[in-house]
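Novice: here is my input; please provide its structure:
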Amino acid sequence: MPPRSEVEPEAGKAHTANPELPHVAIYTDGACKGNPGPGGWAAVLVSGRHRREMSGFEAQTTNNRMELKAAIEALRALKRRAVVDLYTDSQYLRQGMQEWLPRWKQNGWRTADRRPVKNADLWRELDRLCSLHDVRWHWLRGHAGHPENERSDRLARAEISKHVQVR
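Specialist: Sure, this is the predicted structure:
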């Protein structure tokens, strides 16, 4: 059973898990050496007794972009519609999806102060992918001992180490 999240899905929003759809728990993380700098993203997907780990690297990026990329790549990996419990230690990612995204879309991808939304390319893709699934967002405190969150953190950091020589 997935660890209990510290922040449950958005209050007031009922998520009806469709018993006909498969259930997938996804644990994501992003990391950056410098911000901006070389970055890694990772996800651990668990469905029943099936488990998949995935990760990737970008030479010049930000931590926030890597957090978004982890969720995007995990959702892209799903072969069919699913009920997804997505666990992240990024308040930026969770709040963006649960609180800010509807206003950004309504405002033409502009913030409340009328500036362009940062990382709009990734937010748009994540929004599109979420429309294909029933995604429930959960926040986990980082480095608090949740095994799958810790694993995704190690995978993301390993991507950076694989590509960047330590001096």
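Novice: secondary structure class for Phe57?
Specialist: strand (DSSP: H, G, I helix; E, B strand; the rest coil).
Novice: quick one, what contacts it?
Specialist: Counting by CB atoms under 8 Å, 6 or more residues apart in numbering, Phe57 makes contact with Pro38, Gly39, Gly40, Trp41, Glu159, Ile160, Lys162, His163. No exception for glycine: its C-beta is placed from N, CA and C like everyone else's.
Novice: what number of residues lie near the closest residue in space to Met97 that isn't next to it in sequence?
Specialist: The shortest distance from Met97 to any residue that is not its chain neighbour, by CB to CB, 6 or more residues apart in numbering, is 5.5 Å, and that residue is Trp137. Residue crowding around Trp137 was assessed by other CB atoms under 10 Å; the count is 24.
Novice: and Trp137, what are its bridge partners?
Specialist: Residues in a beta bridge with Trp137, per DSSP bridges, are Leu86.
Novice: returning to that earlier point: which one of the contacts of Phe57 sits closest to Leu21?
Specialist: Within those, proximity to Leu21 (CB to CB) peaks at Trp41, which comes in at 25.4 Å.
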